[in-house]
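A.B. asks: Return a 3D structure for these sequence lines:
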Amino acid sequence: MLIVDDHAGFRAAARAFLEDGGFEVVGEAADGRSAIDAVRRLRPEILLLDVKLPDVDGFAVAAELADGAPQIVFTSSRGITAYRRRLATNPAWSFVGKSDLTVESLAAALA
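C.D. replies: This next block holds a predicted model:
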């Protein structure tokens, strides 16, 4: 898994509890460009991708990675209703709100 979020504290916390829950985290990125480079370099199976990033948004990152992209789970401090239309355009994408992110909710989103 690659964790992409512009908040270092969120990345560190998510990494700690996801690794404790059995997920393998292969890397982290703080913005969209770094995320694209890291996906191409590290080849993660799962991409936990914040919607709001400082350079390009998560949906633009996902679109650029369309061919051969890992399984993408978007996350945001905003609820799913803010993104429902955009998520509906690609059935491979799923969403877990940051406040709802747990090992179980991530596993359910990946199922």
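A.B. asks: Quick one: low-confidence residue ranges for the chain.
C.D. replies: Regions of the chain meeting the criterion pLDDT under 70 cover residues 91-92.
A.B. asks: For it, just list every one of the strands.
C.D. replies: 2-4, 27-29, 46-50, 71-75, 94-95 (DSSP state E).
A.B. asks: which other residues reach the second one?
C.D. replies: Judged by CB atoms under 8 Å, 6 or more residues apart in numbering, the contacts made with strand 27-29 from elsewhere in the structure are 2, 3, 4, 5, 11, 15, 35, 37, 38, 42, 44. Any C-beta I mention is one placed from the backbone N, CA and C, and that applies to glycine too.
A.B. asks: Tabulate the residues you listed in JSON lines, adding columns for distance to residue 23 and neighbour count.
C.D. replies: What follows is those, written out as JSON lines (distance: CB to CB, whole Å; neighbours: other CB atoms under 10 Å):
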{"residue": "2", "distance to residue 23": "11", "neighbour count": "22"}
{"residue": "3", "distance to residue 23": "10", "neighbour count": "27"}
{"residue": "4", "distance to residue 23": "15", "neighbour count": "26"}
{"residue": "5", "distance to residue 23": "15", "neighbour count": "26"}
{"residue": "11", "distance to residue 23": "14", "neighbour count": "20"}
{"residue": "15", "distance to residue 23": "9", "neighbour count": "17"}
{"residue": "35", "distance to residue 23": "17", "neighbour count": "28"}
{"residue": "37", "distance to residue 23": "21", "neighbour count": "11"}
{"residue": "38", "distance to residue 23": "16", "neighbour count": "19"}
{"residue": "42", "distance to residue 23": "14", "neighbour count": "13"}
{"residue": "44", "distance to residue 23": "10", "neighbour count": "19"}
